[in-house]
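# Here you go, sequence then predicted model.
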Amino acid sequence: MAKKVGIEVSLAVSEVVKLANADVIAAYPITPQTHIVEHLAELVADGELDANYIPVESEHSAMSACLGSSAAGARTFTATAGQGLELMHEVLYVASSMRLPLVMAVANRALSAPLSVWGDHSDVMAVRDTGWIQIFVENGQEAVDNILCAFRIGEDHRVLLPVMIHLDGFHLSHMIEAVLLPEPSQVDKFLPAFNYPLALHPDRPVTMGAFAIPLLYSEAKKAQEVNLEASKEVILECWDEFGKIFNRRYSPVERYRSDDARVLLLTMGSFSETAMTAIDGMRDEGKSVGLVRLRLWRPFPFAEIRQAVRNAEVLIVLDRALSYGGPGGPVCSEIRSALYGEDKKPKVIGFVGGLGGRDITRTGFEAIINRGIEIAKKGSDKEFEIYGVRE
Amino acid sequence: MTKPEGEYTWRDINIGAIVNEPGSASQYRTGDWRSQRPTYDFNKCIKCGLCQIFCPEGCIYENDEGYFEADLFYCKGCGICARECWPIVITMVPEEE
């Protein structure tokens, strides 16, 4: 049986990377991700994890080292946050385009300036189009479970893609929670050995990252797009298999008291837990509200989102990132676009909030929902509103 | 590559566009980049091979009679051979002529 331990979520992430028996970890510490890679360094130094730990001089180098390691067929892990993720930016595209599986935990953090080490989703949204599979988690258990799933999904020969697991900086990374750590025997049953089909080897020379002339580049990109789209089936299959072994189930779009709700709120990450409490409170008052939580960010779960919201009258989307000068939060604008062609769809109202570590409490979520309903009724001359900003 | 680049569909692309056939770049026709081509007056040629040494593409070969000629499959028409050839054997002419 898996044992339940009280553990900081960052350390739990490191422990599950150990259980997954990662071969190479190349990482650079940055708040609020530091505890993950610090603890992994400890595990390697203490001989608890037989891995190659590469301390690098920057996140750009961390990601570059990870590419090499994955290309050589090693199970590879790294973690970063905020500015660190941005410094990796150009290499992120190379990882996905070269179809190199590796797993990265991102302890989501706001971007400078002004300097903020606290959490929001600015970093995620800036790497939205890098071609990685991206999954949001809500609590420590989900972080542990999905790190394990990420290795299996990414390394599947039908997928062969890098995977980001997004856990909110501080709100999750620094919380001590009760977490069920899987037994090594369960992990062995769930996670097959990594076997990269075209791994670098002196006897079988290959060229990776060769240039493509205009006659071939579009074909390479189409292949990449089809592959990322098709990964959804493997993700679903993996979560299904995970459920059978560990008895915890995940889906691309999670619903909470939403089936008969006329008004829906949509959130990602750890905020969803508080939002659920807010929904409970409003339900007690007899209001027809529910919650939809977006877990799978890439590939975007079009069918599941459409299905989850189709019966509602109002859908309020809370983004934790701003697209300056744009149509609102990136998640809201994607959901609007996903629903645009539907005959039956709710009115979509956009909010941005929880920026740079700002909390949204239970009453905050209630206020967002009530304001959303008011906008849906009376209309607004703004594309979106920033919740809680002092005027 | 076993067929011209323009005949590859997205389904034919290796995972990650990885090239697993060594030396396949030799099948890439760089000759169609050319806007002018070298022509030769071999009566003046002393077979010194200077053009071959200076060719940045390495596409100049020695023919059966010992003269040096560019392989037009690869020659990009840069004209360096013509400039370096001191007996003035090589003249660059526009492709349309």
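All right, it came through fine. Numbering: from 1, shown residues only, chains lettered A, B, ... in the order given.
# What residues sit buried inside the helix or strand where A:Glu334 lies?
A:Glu334 is part of helix A:330-339 when elements are defined by DSSP states H and E. Neighbour counts over helix A:330-339 (16 or more other Cβ atoms under 10 Å in any protein chain shown) mark A:330-336, A:338-339 as buried. Where C-beta positions appear, they are placed from N, C-alpha and C, glycine not excepted.
# any chance of those in a markdown table, plus distance to chain B and pLDDT?
Rendered in a markdown table, the data for these read as follows (distance: Cβ to the nearest Cβ, whole Å; pLDDT from 0 to 100):
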| residue | distance to chain B | pLDDT |
| --- | --- | --- |
| A:Pro330 | 27 | 97 |
| A:Val331 | 29 | 98 |
| A:Cys332 | 32 | 98 |
| A:Ser333 | 28 | 96 |
| A:Glu334 | 25 | 97 |
| A:Ile335 | 29 | 97 |
| A:Arg336 | 30 | 97 |
| A:Ala338 | 24 | 97 |
| A:Leu339 | 29 | 98 |
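# Which of the residues you listed sits closest to B:Asn14?
Here the nearest of the buried residues of helix A:330-339 to B:Asn14, counting by Cβ to Cβ, is A:Glu334; it sits at 30.9 Å.
# what separates that closest one from A:Pro327, distance-wise?
Noted for A:Glu334: a distance of 10 Å to A:Pro327, by Cβ to Cβ, to the nearest Å.
# buried set for stretch B:39-51?
B:40, B:45, B:50-51.
# and the two most separated of these?
Based on Cβ to Cβ, the longest span within these runs between B:Tyr40 and B:Leu50 and measures 13.6 Å.
# How about the residues of chain B by chain A?
Within chain B, the residues that sit near chain A (Cβ under 8 Å from any Cβ of the partner chain) are B:5-6, B:8-20, B:22, B:28.
# which non-adjacent residue is nearest residue 86?
Unless you meant another one, I'm taking chain A. Nearest residue to A:Glu86 in three dimensions, chain neighbours excluded: A:Ala126, at 6.2 Å (Cβ to Cβ, 6 or more residues apart in numbering or on different chains).
# oops, chain B please
Ranked by Cβ to Cβ, 6+ apart and with sequence neighbours excluded, the top spatial neighbour of B:Trp86 is B:Leu50, at 7.3 Å.
# Distance to A:Glu42 for the buried residues of helix A:330-339 - can I get that in TSV?
Formatted as TSV, the entries for the buried residues of helix A:330-339 read as follows, by distance: Cβ to Cβ, whole Å:
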residue	distance to A:Glu42
A:Pro330	36
A:Val331	36
A:Cys332	41
A:Ser333	42
A:Glu334	39
A:Ile335	41
A:Arg336	45
A:Ala338	43
A:Leu339	47
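# coming back round to it: so the residue nearest to A:Glu86 makes contact with A:Met88?
No. Counting by Cβ atoms under 8 Å, no contact exists between A:Ala126 and A:Met88, whose distance comes to 10.7 Å.
# rewinding a little: so which of the buried residues of stretch B:39-51 comes closest to chain A?
B:Cys51 (27.4 Å; Cβ to the nearest Cβ).
# After the helix or strand hosting the closest one, which helix or strand is next?
In this assignment (DSSP H and E), B:Cys51 forms part of helix B:50-54. Past helix B:50-54, further along toward the C-terminus, the next helix or strand under DSSP H and E is strand B:60-62.
# low-confidence ranges in the chain?
Since no chain was named, I'll use chain A. Residues of chain A meeting the criterion pLDDT under 70: A:1.
# hmm, I had chain B in mind actually
Segments of chain B classed as low confidence (criterion: pLDDT under 70) are B:1-2.
# what about the helices in it?
Taking DSSP state H as the criterion, chain B contains helices spanning B:50-54, B:80-84.
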